[in-house]
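Participant: after the sequence you'll find the predicted model.
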Amino acid sequence: MSENDPREVVRNWARNVEFRAARVHRPTTLDELRRVVADAEAVRVLGTGHSFNRIADTHGDLVLLGDMPAEVEVDAAAGTATVAAGMRLAEISTRLHAAGFALANLPSLPHISLAGACTTATHGSGDANQNLAAYIRAMRLVNAHGDVVELARGIDDDFPGAPVALGALGVVTHLTVDVKPTFDVAQYVYQDTSLDEVIEKHEDVFAAGYSVSAFMNWASGRADVWLKLRVDRDADPVAPQPSWLGGTLADHAAHPVPGMPAENCTEQLGVPGPWFERLPHFRPEFTPSNGDELQSEYFVPRERAAEAFEAMRRLGSRIAPIVLTSEIRTIAADDLWLSPAYQRDCFALHFTWHPDRAAVTPVLAAMEDALLPLAARPHWAKVFVATPQAALATYPKAAAFRELLLRHDPEGKFRNEFVETLFQL
Ligand SMILES: Cc1cc2nc3c(=O)[nH]c(=O)nc-3n(C[C@H](O)[C@H](O)[C@H](O)COP(=O)(O)OP(=O)(O)OC[C@H]3O[C@@H](n4cnc5c(N)ncnc54)[C@H](O)[C@@H]3O)c2cc1C
């Protein structure tokens, strides 16, 4: 049965965005979902609500897919898995691993839904790792009429517009993703490294593991480097050097936010374990990050990264009082029209803020003054202040995406204020 409670108040995970939906639905079957969509005037899906802006909001019907059947079907010969798109990464990963398979990469947390993650171009780290959406081979969606449609890589010419669509192409019910044989990862943390050295040697630092994150203290000049090594591939994964970049190998587990409990985090200290229990920073059964926070992130082309880091250092004293942690990661280029890594390898500069919008907004404006001229692209699911023109300025396929929206959903059933403002619809 679909719950349809007009009084229900739904907030995002951080409880700082209240959705304005008139109705909330939790369909349990595809037929029920199709009826909800067909009958609605305006509809959005809410994944697990881990975004920090109004990207998931609607004045109409909000649909949650958590009660739909949790399907994971592996096609070993094709090297793919077809997955119910509302499932959380944690559950998908556990089931893939049990079947002997893995996703190429994961973001910092496994709590989020696959569809919600992909449509905002959620990413992890790794010079050779693309954002999650780049591994989508096919998508099944419920369109505005309530019909089920399929889109596939290599078959539909405009497929590269679909995986990162900001939730505006329809209700994604299933995703077919590339999988690979399961693998083990060992995670090490280097504490109190020199920010100067991390910046100066950033190409080498990020080439040192399968997935590397540097937590930068832009004001103090120190950083912590989290090194995630593939046990079967990276050089000497179980015997790293005791000091590196002016810092020391941690002998106790750490959390990216100073003062938060390390038990919330995936196992470190070089203990090898399956990919999905090491690539995210946070364990699924604990609160990730801080909980009470805002987040922002900017993707800069790799060749502009050093300039971006210097700009953040210059702003360090303004960033310091309002930041909980700041992380830099690498993402490999892809061909998805709205991906911040569209046709360019990137460094992503992430900021977890104290939940104080009034204090964060002017600092974001100053950061964007420095970063947008370096062709930075904001993360779609996080807080940014750029105008639509500025946010889309470096996306050569923005107009093609707009046409795709108009073709797939001429009446605009799946659009919301966020999408309409961005694409001036
Ligand atoms: C603690 C924390 C850590 C994070 N770490 C990372 C990180 O490491 N890397 C990173 O890139 N981001 C990160 N994020 C951001 C997060 O990945 C994105 O906000 C992501 O979109 C959240 O997924 P969700 O399932 O919660 O989607 P929601 O926030 O619920 O929705 C996001 C968008 O997806 C749409 N959507 C959801 N499901 C569907 C569907 N089935 N069909 C169509 N549209 C749909 C919604 O309408 C909305 O537009 C983090 C966020 C938090 C809170």
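Facilitator: Great, that's in hand.
Participant: grab the longest strand from this protein for me.
Facilitator: Identified as the longest strand of the chain according to DSSP state E is strand 184-194.
Participant: and the contacts of the helix or strand just after that one?
Facilitator: Once strand 184-194 ends, the next helix or strand along the chain (criterion: DSSP states H and E) is helix 195-200. Outside helix 195-200, the residues that touch it by CB atoms under 8 Å, 6 or more residues apart in numbering are 205, 214, 216-218, 220-223, 225, 245-246, 306, 309-310, 313. Bear in mind the C-beta positions are built from the backbone N, C-alpha and C, glycine included.
Participant: and helix 195-200, average pLDDT?
Facilitator: Averaged over helix 195-200, pLDDT sits at 97.
Participant: C-terminal to it, what's the next element?
Facilitator: Scanning forward in sequence from helix 195-200 by DSSP H and E, the next helix or strand is helix 202-206.
Participant: contacts made by that next one with the rest, please.
Facilitator: 125, 127, 198, 212, 214, 225, 245, 305-306, 309, 328, 330, 347.
Participant: let's see which of these end up in helices.
Facilitator: Counting by DSSP state H, those place Val198, Ala305, Ala306, Phe309 in helices.
Participant: pLDDT weak spots in the stretch 201-350 of the chain?
Facilitator: In the predicted model, the stretch 201-350 of the chain carries pLDDT under 70 at residues 235-239.
Participant: residues from it in reach of the ligand?
Facilitator: Residues of the stretch 201-350 of the chain lying close to the ligand (CB under 6 Å from any ligand atom) are Pro288, Ser289, Gln295.
Participant: give the contact list for the nearest residue to Gly412 once chain neighbours are set aside.
Facilitator: Using CB to CB, 6 or more residues apart in numbering and skipping residues adjacent in sequence, the residue nearest Gly412 is Leu425, 6.6 Å away. Leu425 sits next to Arg402, Leu405, Leu406, Gly412, Arg415, Val419 when contact means CB under 8 Å, 6+ apart.
Participant: where does the prediction get shaky in the stretch 1-150 of the chain?
Facilitator: Checking the stretch 1-150 of the chain against pLDDT under 70 turns up 1-7.
Participant: and the helices in the stretch 1-150 of the chain, which stretches?
Facilitator: Using DSSP state H, counting those that start in this stretch, the helices of the stretch 1-150 of the chain run over 30-39, 89-98, 114-119.
Participant: turn those into JSON lines, including distance to the ligand.
Facilitator: Conversion of the helices of the stretch 1-150 of the chain to JSON lines gives the following (distance: least, CB to the nearest ligand atom, whole Å):
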{"stretch": "helix 30-39", "distance to the ligand": "10"}
{"stretch": "helix 89-98", "distance to the ligand": "9"}
{"stretch": "helix 114-119", "distance to the ligand": "2"}
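Participant: point out the most buried one among those helices.
Facilitator: helix 114-119 (a mean of 27; mean count of other CB atoms under 10 Å).
Participant: what's the distance between Gly270 and Ala186?
Facilitator: Separation of Gly270 from Ala186 (CB to CB, to the nearest Å) stands at 5 Å.
Participant: same thing with Ser220?
Facilitator: 28 Å.
Participant: looking at the two, which is more packed in?
Facilitator: Shown here are Ser220 and Ala186; by other CB atoms under 10 Å, Ala186 has more neighbours (23 against 11).
Participant: assign the closest residue to the ligand within the stretch 251-400 of the chain to helix, strand or coil.
Facilitator: Across the stretch 251-400 of the chain, no residue is closer to the ligand than Ala381, which sits at 3.2 Å (CB to the nearest ligand atom). Recorded secondary structure, Ala381: coil (DSSP: H, G, I helix; E, B strand; the rest coil).
Participant: cool, the one 4 residues further on as well?
Facilitator: Taken by three-state DSSP, the conformation at Val385 corresponds to coil.
Participant: which single one of the contacts of helix 195-200 is nearest to the ligand?
Facilitator: Of all the contacts of helix 195-200, the one with the least separation from the ligand (CB to the nearest ligand atom) is Ala214, at 13.7 Å.
Participant: next one: phi and psi at Asn12?
Facilitator: In terms of degrees, to the nearest 10, the main-chain angles of Asn12 are phi -70, psi 170.
Participant: what about the helices in the stretch 301-425 of the chain?
Facilitator: 305-314, 316-319, 357-371, 388-392, 398-408, 417-423.
Participant: of these, which is nearest Arg26?
Facilitator: helix 417-423 (22.5 Å; CB to CB).
Participant: return the distance of that closest one from the chain's centre.
Facilitator: Counting by CA atoms, centre = their mean, to the nearest Å, helix 417-423 is centred 20 Å from the centre of its parent chain.
Participant: need the residues that contact it.
Facilitator: Helix 417-423 is contacted by residues 53-55, 57, 166-168, 388, 391-392, 398, 401-402, 405, 412, 425 when judged by CB under 8 Å, 6+ apart.
Participant: pLDDT on it, on average?
Facilitator: Taken as a whole, helix 417-423 carries a mean pLDDT of 98.
Participant: could you count how many residues lie near Pro373?
Facilitator: Pro373: 11 neighbours (other CB under 10 Å).
Participant: what about Arg344, how many neighbours?
Facilitator: Counted with other CB under 10 Å, Arg344 comes out at 20.
Participant: thought it was touching Ala332?
Facilitator: No. Contact criterion CB atoms under 8 Å: Arg344 and Ala332 do not qualify, at 9.6 Å.
Participant: of the helices of the stretch 1-150 of the chain, which is nearest Phe276?
Facilitator: Nearest of the helices of the stretch 1-150 of the chain (CB to CB): helix 89-98, 3.4 Å.
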